[in-house]
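>>> Here is my input; please provide its structure:
(2 chains)
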2 protein chains.
Amino acid sequence: MTLLAGGVGGARFALGLADAVGPESVTIVGNVGDDVELLGLHVSPDLDTCLYTLAGIVHPEQGWGVDGDTREALGVVGRLGGADWFILGDRDIGLHLVRTQRLRAGEPLSAVMADVAGRLGIGVRLLPATDDRLRTRVLTDDGELGFQEWFVGRRAAPAVRALRFAGTPGARPAPGVLEAIAEADHIVLAPSNPFISLDPILAVDGLQEAVRARRADVVAVSPLIGSRAVKGPLGEMLDTLGHERSPLGVARHLAPLAARFVLDESDAAHADAIRALGVEPVLAPALMRDQASRRALAEASLR
Amino acid sequence: MTLLAGGVGGARFALGLADAVGPESVTIVGNVGDDVELLGLHVSPDLDTCLYTLAGIVHPEQGWGVDGDTREALGVVGRLGGADWFILGDRDIGLHLVRTQRLRAGEPLSAVMADVAGRLGIGVRLLPATDDRLRTRVLTDDGELGFQEWFVGRRAAPAVRALRFAGTPGARPAPGVLEAIAEADHIVLAPSNPFISLDPILAVDGLQEAVRARRADVVAVSPLIGSRAVKGPLGEMLDTLGHERSPLGVARHLAPLAARFVLDESDAAHADAIRALGVEPVLAPALMRDQASRRALAEASLR
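Here you go, the predicted structure:
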C-alpha cells in the first residue's frame, strides 16, 4: 500500500490506513516541497506532521507539532530579534537539530527520516519523495513567495496564480520511492491539497510517469467535502488557479493519475460527471472525525 | 574599567564590578576558547555565562545557563540518538539559534553579542577577545581533546599536560578590545582559571603585549582560596602543569602582566613571596558569597 501524502489530511488518512491494513504494509511518499530553512534549521513540516501523527504525539486539535510542546526557544529568538513567525516548539527543535546536523554531514533526508521514524516506533515506512532540494514556490498577486513565506508568513492570503517547484526537473526520487509505486497493490493519493501537497511529489523526476503507469490501481481521496476544504486553502486555490471549486474540480486534476476517486456521500451529485472523466466515483463518508472514520475511509478507498 | 574574564568566577566578579563602578564603566573582554559547535549551533559558554549573569537570569546555584530553563529539545535530541552530553536549555538554544544564524550570514561574533547584550538590557560592554576562530585544546594523558570534550565530556578527569590555542597566532583582537585595554583606568584579570580562561584571551594577537604595556594599572584577582579553586579544575591543573597549587603559583604565572594581586586574607602567608615577584599583594575577603562580597572584592581590587 503506497500513499502519496502531505499535510494534516494526508497524515490523518495515513493513520486510518495503517489501522486498516497494518502499519508494516504502508509506505508513505511524503511531500518535501514545503520544507524550509528557519534559523539555520532544516524543517520538514509535511514529513514531520506524518511522523508525529503516526507516532501518536501530534497536537490533536491543530494537527501538527508535538502535543504539549513548549516554545521557550522561540520566545528567546523573538526577544533577540530573530525570525519567530514560524512556530517551532522546543521538542520539535530537538528533531530539527538532529536532522539538520545529519544532513549537513552528508546523510540523505530519506536515511535520516528512516532512522528517526524507527526511533519513534512508527511501523509505517515514511519516504520523502526526493532527497534533492525541491521547493514549492507560490506565484501570487504580491509576487513569488516561498511556500511557508506565503502559507504561514502571509497566512495564505495573497491569491495564488501559479505554483512552481524549484529544483525540478532534476530532483531524483529518493531510494525506494519508484519501487514503492511500481510494486504496491494499491496506490492512494491522500486527501491532501493536490496543488501544494501532491503536485510537488509528482514533480519529482519519473514520479508522475510511475503513477500513471499504475493508474488502474490508483485511487484518489477527495480533500473537499462539498465545495469546502476540511482544512487549509484549497478552496481559494481552486478558484484562483482556474478550477471548479468542488470535488469534480479536484477529480479533473487527478484524472490522468487515478482510476478511482473517493468522495463524500454528500457530493453524490458529482458522481456522474466524475465517471464521465473515466474515473470511477466511490461514495463514502469522507470527514475524518476520529480513528473509526479515518479507518473506514481508508477501507472504502481500497474496496 | 576593563575586565578580562571567563567562566563563572569571572562573571560573578563582573557583577560586583558593575555594581561598584556602574555597568556603563565596565568593558569585559571575554574568553572564546571554550566556544564549541554542538548540533550545528555555535555555543559560547563563557560569553553566555557573563551575559546571563549580568542580565540577572543566570541559574543562581550552577552559575551558568538560564534560571528555570527547560530541556525539552535536548531530551528529543537524546531520544533520536543525537549528541546530548552538553547541556543546552531550551531558552539557551534560542540564543544559540540566533547567534549561529547571524554568524553564518557573516556577522562577526562581537556584533552579535553587542546586539544581544543590548536586547537583554546589560549595561556592561561585553566583547569577545576575538571574532576569529580560537579554540582551546587540552593535551592530556588520554590525548588531545577539545576543551568542552575534556571539561564536560570527560568531566575534566584526564590530567592536563599542556594547553594550546588553535587559531593562534593569527586570531585578531575584536574591534574595541585593544582600545579597551589601552584606555582603561584599571585593567582587572578576573578570578578566572588563568590557563583556560585568561590565557586564551591573552593568546589573541597583540593582547598580551597590550596588557603588559599597562602592567602598572593591571590587578589580578586570585581564583584560589588557600590551595583550592572555588569552582572548577584549577587546583589539579596547577599540579599537572607544574605550578605550585596556591595563590603564589597563580601569581607567578600572572606576574609579567599584573602589578597587583588580590588574594584572600586567609592566604596572607603568601604575601611576602608575591611581593618578591615584584607584585604588590592586596589582602581582601576573596570568597564571593553574595552581591555585597562581590562588590567588596571588586572595590578592593581597584584600591
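
>>> Around chain B, pick out the residues from chain A.
Applying C-beta under 8 Å from any C-beta of the partner chain, we find that chain A lies next to chain B at A:39-41, A:69-70, A:72-77, A:79-82, A:89-95, A:97-98, A:100-101, A:104, A:115-116, A:119-120. Yep, even glycine has a C-beta here, placed from its N, CA and C like the rest.

>>> Just the ones of the residues you listed in helices?
Judged by DSSP state H, these include A:72-77, A:79, A:90-95, A:97-98, A:100-101, A:104, A:115-116, A:119 as members of helices.

>>> which element is residue A:29 on?
Using DSSP states H and E, residue A:29 falls within strand A:27-30.

>>> which residues are in contact with that strand?
With C-beta atoms under 8 Å, 6 or more residues apart in numbering or on different chains as the test, strand A:27-30 has contacts from A:1-6, A:10, A:14, A:46-47, A:50, A:124-129, A:176-177, A:180-181, A:184, A:201, A:207.

>>> tell me the mean pLDDT over that strand?
Strand A:27-30 comes out with an average pLDDT of 98.

>>> C-alpha coordinates for it, CSV please?
Extracted in CSV, the C-alpha atoms of strand A:27-30 (Å, rounded to 0.1, in the frame of the first residue of the first chain):
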residue,chain,number,x,y,z
THR,A,27,4.7,3.2,2.6
ILE,A,28,4.1,6.9,2.6
VAL,A,29,5.8,9.0,-0.1
GLY,A,30,5.8,12.4,1.5
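
>>> Tell me the strands beside that strand, with direction?
If you go by DSSP bridges, strand A:27-30 pairs up with strand A:2-5 (parallel), strand A:125-128 (parallel).

>>> Partner strands of the very next helix or strand once past the last one, with direction?
Think strand A:125-128. Downstream of strand A:125-128, the first helix or strand assigned by DSSP H and E is strand A:135-140. Within its sheet, and counting by DSSP bridges, strand A:135-140 is paired with strand A:143-146 (antiparallel), strand A:160-166 (antiparallel).

>>> Let me see the mean pLDDT of strand A:135-140.
On average, strand A:135-140 scores 98.

>>> mind checking how far it is from the chain centre?
From the chain centre to the centre of strand A:135-140 is a distance of 16 Å (C-alpha atoms, centre = their mean, to the nearest Å).

>>> For residue A:203, give its distance to chain B.
Distance of residue A:203 to chain B, given as C-beta to the nearest C-beta, to the nearest Å: 29 Å.

>>> residue contacts, that residue?
When contacts are counted by C-beta under 8 Å, 6+ apart, residue A:203 is found next to A:33, A:134, A:165, A:168-169, A:171.

>>> one more time with 6 Å, if that's ok
Contacts for residue A:203 (C-beta atoms under 6 Å, 6 or more residues apart in numbering or on different chains) come out as A:165, A:168.

>>> Do a quick rundown of the strands in the stretch 101-250 of chain A.
Here the stretch 101-250 of chain A has its strands, by DSSP state E, counting those that start in this stretch, at A:125-128, A:135-140, A:143-146, A:160-166, A:187-189, A:218-221, A:224-225, A:228-229.

>>> Tell me which of these sits nearest to residue B:267.
strand A:143-146 (62.3 Å; C-beta to C-beta).

>>> Run through who's touching that closest one.
So strand A:143-146 is contacted by A:137-138 (C-beta under 6 Å, 6+ apart).

>>> Now it: buried residues?
Buried residues in strand A:143-146, counted by 16 or more other C-beta atoms under 10 Å in any protein chain shown: A:145-146.

>>> Figure out how far the helix or strand bottoming out on mean pLDDT in chain A is from the centre of its chain.
Scoring the helices and strands of chain A by mean pLDDT, DSSP states H and E places strand A:228-229 at the bottom, with a mean of 82. Computed by C-alpha atoms, centre = their mean, the chain-centroid distance of strand A:228-229 equals 16 Å.
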